[in-house]
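Undergrad: Sequence first, then the predicted structure, then my questions.
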Protein chains: 2
Amino acid sequence: MDRSIQDVARLVGTTSRTLRHYDRMGLLPPSRLGSNGYRYYDDGALVRLQRILLLRDLGLGLPAIADVLNREMEPARALQKHLELLRQEQERLARQIASVSMTIEQLEGGEQLMAENMFDGFDHTQYKDEVEQRWGAEAYASGDRWWTGMTDTERSGWKARTAQLGADWTAAAEQGIAANSDAAQELARRHYEWLSGVPGLPSSGGRPSKEYFLGLGDMYVADDRFAANYGGREGAAFVRDAMKFFADRHL
Amino acid sequence: MDRSIQDVARLVGTTSRTLRHYDRMGLLPPSRLGSNGYRYYDDGALVRLQRILLLRDLGLGLPAIADVLNREMEPARALQKHLELLRQEQERLARQIASVSMTIEQLEGGEQLMAENMFDGFDHTQYKDEVEQRWGAEAYASGDRWWTGMTDTERSGWKARTAQLGADWTAAAEQGIAANSDAAQELARRHYEWLSGVPGLPSSGGRPSKEYFLGLGDMYVADDRFAANYGGREGAAFVRDAMKFFADRHL
DNA sequence: CGTTGACCTTGACGTTGCGTCAACCTATAC
DNA sequence: GTATAGGTTGACGCAACGTCAAGGTCAACG
C-alpha cells in the first residue's frame, strides 16, 4: 500500500517538490526509503499530510503546523493565536484600503501625489526614534503617515499655518522680546494649537501632553534640524523658554 | 545642502540599508557620489524618497512604485490596480478567518482535527491538474478546501452517501445490468445529486456542467485510483456508460 | 600625531514556501 | 535496446530589507 511521491502528490493535490520540502524540514518524513533513495508513503503519512494541508489552508505557517502535529501545542490554542494574527492583518488591510481610496480621490481631484516640502522640516514623524525612547513606542506604533488622512484643503491650511508659525517665532526671537511676554505666550498658545492638529502624537485626552510639549522644546534646541526652523539655536532656545512658561501656566 | 545617508535615513524614519537597497535597484540613486564612495542626497532626492515611502505605506511593491515615479504609469491607475489586489486579499482573509473560527468551534466541540480516510478516494480536489487542463483554472482558483465549510453532520452524511454510492455502483456492475437500465440510471441520478454537493466544481447554475459530468466518467475509466472505487476498470466503464446515457437525457 | 567613536562602503547570508531548471540515475513498457 | 516517465540531490529565484562581517573615512579630542 505504499505510494510513490508523485502518486501522493497527485492524490492530495500538491507537488512532489512540496513533499520533498516537508521531508527536508522534518515536517513529513516518508514512511519508508527505498534502497534507490525513493520516498514511499503509507496511509499514516497520508493522514499526517492531510492534516498538514488542512492547517496550511487555514493559513498557519509550517513551523506552527509542526508544533501542532508534534503535540507541542494544542490545536485549538494554535488556531486561536493564528486567528488574532489574521484579524490584525485584516485591520491593517482595511486601513490601507481606506488610505489608498482617499489618495485616489485626491489624485482624481487634480492634486499632485505630494506637495514638495510639505513639512518644511516640521514633520514630527521624523523623530520617531527620539520620541519613542522618551514616551514609548505605542505612540507611533500605528505606522501610518497621518497626513495621508487629510483632505487637500486641510493639508494646505496646515502647511500655511506651519510656515507662518515658524516665521513669527523667528521674527519674535530676533526682536529679543522676553519668553514670558504676552506676545511670546500668544505664540506658544498658537504652537500648542498647531500641534493639536497632528494626530498620533502622545496625547492625554486628544491634545499633546505636557511632557511631550516640554520635550519638544528641548529637542528644538538640541537638534539643528529643528532649530533651523526657528532661527537657529538662539531662536530655538527662546521658543523653548516660551513653551516651558506656557506649559507651566496652562498645562 | 547635501545630506549623508544616515541623515536622510533619520530624517524620513527609515534605515541606511533601505536607502542602499533603493540605490542598487535603481529606485533612488543618490544625487551625488563622493570621491570616497559616500552617497549624498539633495532635496530633489528627498522629495522622491518621500513619494516612495508614501506609496510604500500604501502597500505598493517597489517595482510598481518605480513605474509610477518614472511616469511609466498613471499614479491613479496604479493605485486602482493595487486597490483591487487589496480587496481580494481582504476577501481571502475573511474566508480564512471564517474557516479558522469554524475549525476552532469543531475542535472545542470535541472533534478530532480530521477524520481518517474522510474521502475514501473520492476527493475531487485531488484531480486539480487534470480538471484544470480541461475546464480552466478558474474553477479551482478559490483554492479553499471546500469541505472545511461543512459542519460535522454534513460531513459524516456526505461521507456515508459517498461510500454507499460506490458500493451500489460496484454491486450493479457485478450484476451485469445494462447501463441504460432504470436501476443504472437511478444510480447515475444519485451520482449527479451527490456531485452537486461538492461546491467549487465547474458548474453552470449551481450544478455540475454536462461537460464536467462526462469528463468525470472518462476519468473514472482512465484512472485506476478512481476506478478502484467502482470495482475496477470494468465497473468504471459501466459507470461511465450509465453517466453518459444520463447526461444525454437530462443534461 | 595617534586614538577613539561614529559613519561609510561592499558582500553575503537569512527570511517563507515552495517553483523551476539542471544534471543524473532508475523503473517500466514496447 | 530504448523511449518515456519518474526518482534523486543541489542550487537559484522571489520581496524587501535585517543583520552581521570586514575594513576604509571623518571629526574631534588630548
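TA: Right, received. Where do you want to start?

Undergrad: continuing past the helix or strand where A:D7 lies, what's the next helix or strand?
TA: A:D7 belongs to helix A:5-12 when assigned by DSSP states H and E. Next along the chain after helix A:5-12, taking DSSP H and E as the criterion, comes helix A:16-24.

Undergrad: hmm, the helix holding A:D7 in reach of DNA strand C?
TA: No: legend: contact between helix A:5-12 and DNA strand C by CB under 7 Å from any atom of the strand is lacking; minimum distance shown is 9.0 Å. C-beta coordinates here come from the backbone N, C-alpha and C atoms, glycine included.

Undergrad: Compute the inter-axis angle for that helix and helix A:16-24.
TA: 110 degrees (axes from the mean of the first three to the mean of the last three CA atoms, to 10 degrees).

Undergrad: If we go by neighbour counts, what in helix A:5-12 is buried?
TA: Neighbour-count burial for helix A:5-12 flags A:5, A:8-12 (criterion: 16 or more other CB atoms under 10 Å in any protein chain shown).

Undergrad: mind listing what A:M1 touches?
TA: Applying CB atoms under 8 Å, 6 or more residues apart in numbering or on different chains to A:M1 gives the contacts A:42-43.

Undergrad: Report the lowest-confidence entry in the buried residues of helix A:5-12.
TA: Within the buried residues of helix A:5-12, A:L11 has the lowest pLDDT, namely 80.

Undergrad: Do me a favour and average the pLDDT over the longest helix seen in chain A.
TA: As assigned by DSSP state H, the longest helix anywhere in chain A is helix A:75-108. For helix A:75-108, mean pLDDT rounds to 89.

Undergrad: Next, see if it gets close to DNA strand C.
TA: No: Helix A:75-108 is not in contact with DNA strand C by CB under 7 Å from any atom of the strand; minimum separation 11.2 Å.

Undergrad: What helices and strands are in contact with that helix?
TA: Packing contacts for helix A:75-108, counted by 3 or more CB pairs under 8 Å, 6 or more residues apart in numbering or on different chains; DSSP states H and E, involve helix A:62-69, helix B:75-108.

Undergrad: Break chain A into its domains for me.
TA: Residue ranges for each domain of chain A read A:3-69, A:74-113, A:124-250, as given by automatic domain parsing.

Undergrad: Comparing the ones you listed by mean pLDDT, which bottoms out?
TA: When these are compared by mean pLDDT, domain A:124-250 comes last with a mean of 67.

Undergrad: residues making contact with stretch A:59-68?
TA: Contacts to stretch A:59-68, defined as CB under 8 Å, 6+ apart, come from residues A:22, A:25-27, A:52, A:55-56, A:73, A:75, A:78-79, A:82, A:86, B:96, B:100, B:113.

Undergrad: Could you pull out the helices in the stretch 151-251 of chain A for me?
TA: All helices of the stretch 151-251 of chain A, identified by DSSP state H, counting those that start in this stretch, fall at A:152-175, A:182-196, A:210-222, A:224-227, A:232-250.

Undergrad: Of all these, which one is nearest DNA strand D?
TA: helix A:224-227 (12.6 Å; CB to the nearest atom of the strand).

Undergrad: Give me the distance between A:R249 and A:N180.
TA: 9 Å (CB to CB, to the nearest Å).

Undergrad: Tell me the buried residues in stretch A:181-198?
TA: Neighbour-count burial for stretch A:181-198, counted by 16+ other CB under 10 Å, picks out A:184-185, A:187-188, A:191-192, A:195, A:198.

Undergrad: A:G166: neighbour count?
TA: 20 (other CB atoms under 10 Å in any protein chain shown).

Undergrad: wait, it sits on A:V239?
TA: No: with contact defined as CB atoms under 8 Å, A:G166 does not reach A:V239; the gap is 9.7 Å.
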